[in-house]
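In: Need a 3D model of the following:
(2 chains)
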Protein chains: 2
Amino acid sequence: MEQRGPAYRLDADDVPAHWYNILADLPVEVPPPRPARRIAPADGEERALRPQLPLSMYRQSTGRARYVEIPAEVREQYQRWRPTPLYRATGLERALGTPAHIYYKYEGTSPSGSHKLNTALAQVYYYRRSGVREIVTGTGAGQWGSALAMACHPYGIGCTAFMVRCSYEQKPQRGTLMRLNGARVVVSPSELTEVGRAALRADPDSPGSLGIANAEAIEYASGRAGSRFSIGSGENHVLLHQTVIGEEALRQMALAGEFPDVVIGAMGAGSNFAGLAFPFFREASVRDAATRFVAVESEACPKMTRGRYLADHTDLSGVTPLTKMYTLGHRFSAYQIHAGGLRYHGAAPIVSAMYDKGLVEAVAYGQNRVFDSGTTFARAENVVPAPEAAHAVACAIDEALAAKERGERRVILFGVSGHGLLDLVAYDKFLAGELVDFAPSDEDIETSLGGRME
Amino acid sequence: MEQRGPAYRLDADDVPAHWYNILADLPVEVPPPRPARRIAPADGEERALRPQLPLSMYRQSTGRARYVEIPAEVREQYQRWRPTPLYRATGLERALGTPAHIYYKYEGTSPSGSHKLNTALAQVYYYRRSGVREIVTGTGAGQWGSALAMACHPYGIGCTAFMVRCSYEQKPQRGTLMRLNGARVVVSPSELTEVGRAALRADPDSPGSLGIANAEAIEYASGRAGSRFSIGSGENHVLLHQTVIGEEALRQMALAGEFPDVVIGAMGAGSNFAGLAFPFFREASVRDAATRFVAVESEACPKMTRGRYLADHTDLSGVTPLTKMYTLGHRFSAYQIHAGGLRYHGAAPIVSAMYDKGLVEAVAYGQNRVFDSGTTFARAENVVPAPEAAHAVACAIDEALAAKERGERRVILFGVSGHGLLDLVAYDKFLAGELVDFAPSDEDIETSLGGRME
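Out: Predicted structure coming up:
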């Protein structure tokens, strides 16, 4: 007779008072972005791309202070659902017959259904204080757009989300959820921007990409007074905001009386992975523990395992600063996997620098393997993981099976960034054997990178 | 600048140790069910309907002890997500401009997404201990089926769910969620049973009903060794299991320093309403408070506001015991509203007896009003309520607006039984103006009741 493993839960008072800034402790250099080019909006007038960040967030992106105080108002918002639970996955352990102890931190209990609300609430707080009246963004799978819409609406801040077309078609309910929360949803590529129109001219059936959606959002925001472009992952300050996840998990693992041998997170642009991993990276240094950190990407978008470490743009049009990162090239168009959040062409600069120095590992999985793992996890743990999160599940299962083979009692911790309740159509396709695995050829990647070897 | 209201959260240790049995305190008689008729399965052999309940649950259904200890194993399972949060709905208060204080208890954080898991885990525990190897059920909107599947799977107990056809078509992902959790999903009416075949002969396009689905489940289970029919609402023991909701909410309202003037819950068969309301009914008696209790049903299925208090069956085929309840007749076929959980023809015997004596009130809403309220709530509170729960929201809004009109500072508490993330298609239809309101005519109801006046 089986029984579920315990939940390690904390009180609302235990919501961290600080975010953790890994830049204070990192033994490697993270090159700062190089100045942006100029932007030419639809009206043809050339102007400098306006600074996107309120000073407070700019400082968070570049500062070296180890801890950044979470504003009281933001922390109170966190307390509506945080601390999120950390579970011992005893159901999964039994299903695998592994001696490993498996734990997962579950962010799917947030009102938006994923970790994205952690940074959305923080960003809206800072943008609002700097007088911004509308926030414009690009969203892939829609987790970010939903979170941003929820964060904007109660304050009367407008929210316009350019949503990657293939994701919009795969999960139309994400659009409904954004609209329900008062956001304007624009399917990208769109006719609203020059970038979008150019993308549609090049390929009327373009599935879209986060690079295109972000470029559209930037162009759109630049033409509107009181409007700012905001980004949901990758940037240093976004990774910072997500460290509430790892700070809580550190305390919860202490309640469980264990410390992980390996910490695993899905890798879109990197904020989910970093949010869980960074506080454990700090603590592992303190303990001199040989903990490994594994970022899991999709075989369809292998920026770390097959990309190159060079200065690239975060958007398709190339108006964003040149940022040193692992990338497949900002023109890379990933296959339409259901894990839309993992189709982004680059990796966060901090995670990239760490990967370059061997401080984090990376691994890639195809979507059939990923949904198979997600299904195993759903049955064993009663939690349907988002397709993005199911990548971390796949890796955790491999780690647990390796531990079984070697007869090792290892401690595995992974992040489940969100629930997959709006992705059940994809699970249905997997169960029906209709999902396709896809990986770009070396030539595809070379073409996208344009031969750059920097 | 707006801010969200606080969450009143409890520790895992605060999960109640007991369920509350209102039969111990009820000043009215709840007539026991009359013996069942005999069932004639497909093989034509007449046999008595086997007792469905393990002795432990039968005792819970009929006992008079005020408190029933929650088995340690079940309580540990509850602790994976319980206590659920209770929120002050300050966003909604501001949106309405009401002096009322509005609170809601939110059950959508459960792994299955609704309150149904509270009784599913308990029932599976008792059925398992009595040697049952398969549980068969009927499910309307699929909340019950999902919860039962999740509760069965980890113990290797088979789960077969007959799901009402119109609900299955409205929310196919509920079927996926059940299958992901290892259940067999049969669309009802089906060809698997005599009841289903007869329903299809009478109407090949039958949208189905919970009465038909339950009748199919009963017939199907009766033909299989080790198999039992289980029911997700209405019965005394199911209402008992759901009182964890109200017991927690009592403590949370104490944390908020208030006691409700009115407690509101959506009314399918009654376990959601009862689970929240009963502990407050007890406490209101102790305090001699004039708290009102309002059950909210759909205008499409107005068993309390327009039905009759008489002995009726809980299933279409009439093999279940004759139970005194408010009913529209067990052959009633409700219009295909999206709140599939409110399409059941009867009201729980205990709630019916209380309503008959004026101890609870009832009110009915049409679905456009309900989705309008659900949308208002989603925007104000960042929680998308299930269509069933949105009925309670509509009533709470009316109570808050009445308080505003009279300038009264009233305390309103309502239950949000589950999230509506698998019902966003219905919200989309509402936003597009495509939802139809429907109420049966007096003649429809008379016909269904067959002129019975008992």
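In: What pLDDT is listed against A:Arg38?
Out: Listed pLDDT for A:Arg38 reads 51.
In: and what of A:Pro33?
Out: On pLDDT, A:Pro33 comes in at 83.
In: same question, A:Met1
Out: What the model reports as pLDDT for A:Met1 is 38.
In: before we move on, what about A:Arg47?
Out: pLDDT, read off for A:Arg47, is 41.
In: How far off centre is stretch A:423-438?
Out: Its chain's C-alpha centre and that of stretch A:423-438 lie 22 Å apart, by Cα atoms, centre = their mean, to the nearest Å.
In: do it and chain B meet?
Out: Yes: residues of stretch A:423-438 are located near chain B by Cβ under 8 Å from any Cβ of the partner chain, namely A:Leu424, A:Val425, A:Tyr427, A:Asp428, A:Leu431. C-beta: built from backbone N, CA, C; applies to glycine.
In: Any regions of chain A where pLDDT drops low?
Out: Low-confidence segments of chain A (pLDDT under 70): A:1-5, A:35-52, A:451-454.
In: show me where the stretch 151-300 of chain A has strands.
Out: A:158-164, A:184-188, A:227-229, A:262-266, A:292-298 (DSSP state E, counting those that start in this stretch).
In: typed the wrong thing, it's the stretch 351-454 of chain A
Out: Here the stretch 351-454 of chain A has its strands, by DSSP E, counting those that start in this stretch, at A:361-365, A:411-416.
In: Out of those strands, which is the most enclosed?
Out: By mean neighbour count, with neighbours taken as mean count of other Cβ atoms under 10 Å in any protein chain shown, strand A:411-416 ranks first of those at a mean of 28.
In: Residues contacting that strand, please?
Out: Here strand A:411-416 makes contact (Cβ atoms under 8 Å, 6 or more residues apart in numbering or on different chains) with A:100-108, A:115, A:245, A:249, A:253, A:258-266, A:272-273, A:275-276, A:280, A:383, A:385-386, A:389, A:392-393, A:395-396, A:399-400, A:403.
In: which ones among those are found in helices?
Out: A:245, A:249, A:253, A:272-273, A:275-276, A:280, A:389, A:392-393, A:395-396, A:399-400, A:403 (DSSP state H).
In: can you name the two of these that are farthest apart?
Out: A:Gly275 and A:Ala403 (24.9 Å; Cβ to Cβ).
In: who has more neighbours, those two?
Out: Taking other Cβ atoms under 10 Å in any protein chain shown, A:Gly275 and A:Ala403 do not tie; A:Gly275 has more neighbours (31 against 22).
In: who touches that one in this structure?
Out: Counted by Cβ under 8 Å, 6+ apart, A:Gly275 has contacts A:His115, A:Asn118, A:Leu239, A:His241, A:Gln242, A:Thr243, A:Val244, A:Ile245, A:Gly246, A:Gly265, A:Gly415.
In: State whether the second one is indeed within a helix.
Out: Translated: A:Asn118. Yes: according to DSSP: H, G, I helix; E, B strand; the rest coil, A:Asn118 belongs to a helix.
In: isn't it right up against A:Arg75?
Out: No: A:Asn118 lies out of contact with A:Arg75 (Cβ atoms under 8 Å); the separation is 11.1 Å.
In: Of those two, give the one with the bigger neighbour count.
Out: Remark: of A:Asn118 and A:Arg75, A:Asn118 carries more neighbours, 29 against 19, as counted by other Cβ under 10 Å.
In: what sits against that one?
Out: By Cβ under 8 Å, 6+ apart, the residues touching A:Asn118 are A:Tyr78, A:Glu107, A:Ser110, A:His241, A:Gln242, A:Val244, A:Ile245, A:Gly275.
In: excluding its backbone neighbours, what's nearest the second one?
Out: Right, A:Glu107. A:His115 (4.0 Å; Cβ to Cβ, 6 or more residues apart in numbering or on different chains).
In: tally of neighbours for the one you found?
Out: 32.
In: these two touch, right, it and A:Ser417?
Out: Yes: the pair A:His115 / A:Ser417 is scored as a contact, 4.9 Å apart, by Cβ under 8 Å.
In: Spit out the residues that contact these two alike.
Out: By Cβ under 8 Å, 6+ apart, the residues touching both A:His115 and A:Ser417 are A:Glu107, A:Asn272.
In: Now do the same contact list for the closest residue to chain B within the stretch 201-350 of chain A.
Out: Proximity of the stretch 201-350 of chain A to chain B (Cβ to the nearest Cβ) peaks at A:Leu255, 11.2 Å away. By Cβ under 8 Å, 6+ apart, the contact list for A:Leu255 reads A:Tyr8, A:Leu10.
In: Swap in 6 Å and give it another go.
Out: Taking Cβ atoms under 6 Å, 6 or more residues apart in numbering or on different chains, we find A:Leu255 in contact with A:Tyr8.
In: Can you tell me how far it is from B:Tyr78?
Out: Noted for A:Leu255: a distance of 19 Å to B:Tyr78, by Cβ to Cβ, to the nearest Å.
In: and what of A:Ala396?
Out: Per Cβ to Cβ, A:Ala396 is found 26 Å from B:Tyr78.
In: Could you do A:Phe377 as well?
Out: Distance from A:Phe377 to B:Tyr78, by Cβ to Cβ: 21 Å.
In: more neighbours, those two?
Out: More crowded of A:Phe377 and B:Tyr78, by other Cβ under 10 Å: A:Phe377, with 29 against 22.
In: neighbours around the closest residue to the more buried one other than its chain neighbours, how many?
Out: Leaving aside its chain neighbours, A:Phe377 sits nearest to A:Val393 (4.7 Å; criterion: Cβ to Cβ, 6+ apart). By other Cβ under 10 Å, the residues close to A:Val393 number 33.
In: and what of A:Gly407?
Out: Counted by other Cβ under 10 Å, the residues lying close to A:Gly407 total 8.
In: how about the residues of the stretch 301-450 of chain A near chain B?
Out: By Cβ under 6 Å from any Cβ of the partner chain, the residues of the stretch 301-450 of chain A that approach chain B are A:Ala378, A:Arg379, A:Asn382, A:Leu421, A:Leu424, A:Tyr427, A:Asp428.
In: in the stretch 1-150 of chain A, which spans are helices?
Out: Remark: helices assigned in the stretch 1-150 of chain A by DSSP state H, counting those that start in this stretch are A:55-62, A:72-78, A:90-96, A:116-129, A:143-152.
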